[in-house]
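[1] Sequence first, then the predicted structure, then my questions.
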Amino acid sequence: MEVWDSIVIGAGQGGLAAAYFLTQRGVDHLVLDSNPRAGGAWQHRWDSLSMHDVHGVADLPGEPAPGRSAHRANVAIPTYFADYEQRNGLRVVRPVDVTEVTSEGDLLVVHAGDRQWRTRTLVNATGTWTRPNWPRYPGVDDFRGGQFHTATYPGLDQLRGRRILVVGAGASAVQFIGELAPVADLVWVTRRPPRWRTEEFGPQTGLQIVTEVEKRVVAGLSPTSVAGATGLMLREQEQEALRLGAYDDPRPMFERLVADGAQWADGTVETADVILWATGFRSAVDHLEPLSLRGPRGGIPLERVPGNVQAATTAVRDPRVHLIGYGPSASTIGASRAARRAALEVAQQVAEQAS
């Protein structure tokens, strides 16, 4: 069976960036993607998300993404990704649902049903989209209305005129409120108060935030979200919701769900047609469990790279494995920097094995 120098799992932003840099360094590699077509998680986002909303966060190395427009992001970005794969000659096999990665002597074996690939190194770029965090509150099965997560958000038209409980204090919750408040009746519910950012977001602020996330993964703790640590600011699109008071005084978390809404500890009930869980995602790394990469503190420790906080990608417990989109590189803006570093590490490891 053919042995690859590297296998990249995932053809989203991080995976394609890694493939680009591996190609530049002459590393013989293959990309495995679970989606039936190009586009990564972008192809699954809601129809009302436009290129105005995502401008500047989907760039791949060597070629910027399409600029601001009213075009749907879930069409424009997948098209851009597909063209990028073709122009750069990236070898992507899809759909491939990787179930586990095991170790076989000096090699790693990537399993997907009855298919296997052997490789000297692995770049994992599976992100978080496939691991939505659905909280299990008491009564969740008793609620008779609709329930959606950010990953399954149906869009503005299907929720127009409904009474909606938006749960969460992150960027997705703020964006959903901005979109829905002018056309629906909203109640905002959060487990903790939203963290608003008042200062301008400059390079130094970004460095401080990513450094804190890096400290956690280097210490072997489960990573926090880079986006969550950034704090919240309202964009032009959310100003109408602000004027309507939609962001004023969010309610604390309810105690349980009931048939027609949510109930708090004091017995009060808010009726609702829909619960929108904007409660984030977890890292999609379950397929790596056979490699025992986790440390005693629950996370996958990564090797620190002095002077480059977004370059912590190499697993401490198995340096053959590199993670993009985990910890300090878990943001679209950090994907290319982490991919460049991972490709450098892979190229050096492959050269050492060949010598």
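    Structure's in. What do you need?

[2] in this structure, which helix has the most residues?
    helix 335-354 (DSSP state H).

[3] ok, now how distant is residue 315 from residue 301?
    7 Å (Cβ to Cβ, to the nearest Å). In this view, the C-beta of every residue, glycine as well, is placed from N, C-alpha and C.

[4] Also residue 284?
    On the measure of Cβ to Cβ, residue 284 and residue 301 end up 18 Å apart.

[5] Kindly report the same for residue 109.
    To residue 301, residue 109 is 23 Å away according to Cβ to Cβ.

[6] The residue nearest to residue 282 when sequence neighbours are not counted and residue 116, how far apart?
    Distances taken as Cβ to Cβ, 6 or more residues apart in numbering put residue 131 closest to residue 282, at 4.3 Å, once the chain neighbours are dropped. As judged by Cβ to Cβ, residue 131 and residue 116 stand 24 Å apart.

[7] picking up where we left off before, quick check: which helices or strands does the longest helix of the chain pack against?
    The helices and strands touching helix 335-354, judged by 3 or more Cβ pairs under 8 Å, 6 or more residues apart in numbering; DSSP states H and E, are strand 3-9, helix 13-24, strand 115-124, strand 321-323.

[8] Format those as JSON lines; extra columns: mean neighbour count and distance to residue 80.
    JSON lines is the format used below for the helices and strands packed on helix 335-354 (neighbours: other Cβ atoms under 10 Å; distance: least, Cβ to Cβ, whole Å):
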{"stretch": "strand 3-9", "mean neighbour count": "23", "distance to residue 80": "19"}
{"stretch": "helix 13-24", "mean neighbour count": "26", "distance to residue 80": "10"}
{"stretch": "strand 115-124", "mean neighbour count": "22", "distance to residue 80": "21"}
{"stretch": "strand 321-323", "mean neighbour count": "27", "distance to residue 80": "24"}
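
[9] now these in a markdown table, with mean pLDDT and distance to residue 46?
    Output for the helices and strands packed on helix 335-354, formatted as a markdown table (pLDDT from 0 to 100; distance: least, Cβ to Cβ, whole Å):
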| stretch | mean pLDDT | distance to residue 46 |
| --- | --- | --- |
| strand 3-9 | 98 | 26 |
| helix 13-24 | 96 | 18 |
| strand 115-124 | 98 | 27 |
| strand 321-323 | 97 | 28 |
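
[10] Let's have those in JSON lines, adding distance to residue 191.
    Shown next, in JSON lines, are the helices and strands packed on helix 335-354 (distance: least, Cβ to Cβ, whole Å):
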{"stretch": "strand 3-9", "distance to residue 191": "32"}
{"stretch": "helix 13-24", "distance to residue 191": "29"}
{"stretch": "strand 115-124", "distance to residue 191": "29"}
{"stretch": "strand 321-323", "distance to residue 191": "28"}
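
[11] Specify the beta-bridge partners of residue 6.
    Residues in a beta bridge with residue 6, per DSSP bridges, are residue 29, residue 121.

[12] Could you chop the protein up by domain?
    What automatic domain parsing lists as the domains of the chain is 3-130+282-354, 146-196+232-277.

[13] what distance separates the start and the end of the shortest one?
    In terms of Cα to Cα, to the nearest Å, the two terminal residues of domain 146-196+232-277 are separated by 11 Å.

[14] Report the buried residues of stretch 237-245.
    Neighbour-count burial for stretch 237-245, counted by 16 or more other Cβ atoms under 10 Å, picks out 238, 241.

[15] chain center to it: distance?
    27 Å (Cα atoms, centre = their mean, to the nearest Å).

[16] can I get the CA coordinates of that stretch in CSV?
    Output in CSV follows, covering the C-alpha atoms of stretch 237-245 (Å, rounded to 0.1, in the frame of the first residue of the first chain):
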residue,chain,number,x,y,z
GLN,A,237,-25.8,45.3,10.4
GLU,A,238,-26.8,45.2,14.1
GLN,A,239,-27.5,48.9,14.6
GLU,A,240,-31.3,48.5,14.0
ALA,A,241,-31.5,45.7,16.6
LEU,A,242,-29.6,48.0,19.0
ARG,A,243,-32.1,50.8,18.4
LEU,A,244,-34.9,48.4,19.1
GLY,A,245,-33.4,47.5,22.5
